[in-house]
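No letters, just coordinates:
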């Protein structure tokens, strides 16, 4: 299937504002991919599909996850905010027939990040933070960082996520901590060179 067909499918699965966000993430993902050397077509595809199940009811999300053979951890089962990324990765496999692991993983980890992020993972993670429709406190700083260094933008995004969730006293995905710790260790190692 071509990009336009995926875009049409997704537009029917979400409200106008969410679709606009998905289009903006796809656009930003292409920009970042071209800037940092990732595959722009994969970035556009993952960007348009990243929130495919964000507005899908919990029962359908769980069914998609089951059909994709994904085992949720106890924390994931107890954290509905994490489901859309996981069920979205399941949706693109089970319903759309996408088999590209890079695209699937970029969708799955677009909210949490993880250790061992691929370049595409980083592009989608950052594009979701910096798309044109975003207007949270700190978005301008995040955009400036993203224009200078993708890894620094990933680190900033993970720091933001950890602080925001800790401030609300809710669970934080272990993948986020693992990704943050890996990036912090790499940063420390590079400073000591």
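Structure's in. What do you need? Computed from a predicted structure; not experimentally measured.

which residues of this protein fall in strands?
Using DSSP state E, the chain contains no strands.

for it, which spans come out with low pLDDT?
Along the chain, segments meeting pLDDT under 70 span 1.

ok, for residue 9, nearest residue in space, not its chain neighbours?
Distances taken as Cβ to Cβ, 6 or more residues apart in numbering place residue 96 nearest to residue 9, at 7.2 Å, with adjacent residues excluded. For the C-beta atoms, the positions are set from N, CA and C on the backbone; glycine is no exception.

Tell me who's in contact with the residue nearest the centre of the chain.
When Cα atoms, centre = their mean is applied to the chain, the residue found nearest the centroid is residue 110 (1.3 Å). With contact taken as Cβ atoms under 8 Å, 6 or more residues apart in numbering, residue 110 is in contact with 46, 50, 85, 121, 124, 125, 128.

cutoff 10 Å now
Contacts for residue 110 (Cβ atoms under 10 Å, 6 or more residues apart in numbering) come out as 25, 29, 46-47, 49-51, 84-85, 88-89, 121, 123-129.

Please report how far residue 59 lies from residue 66.
For residue 59, the distance to residue 66 equals 11 Å [Cβ to Cβ, to the nearest Å].
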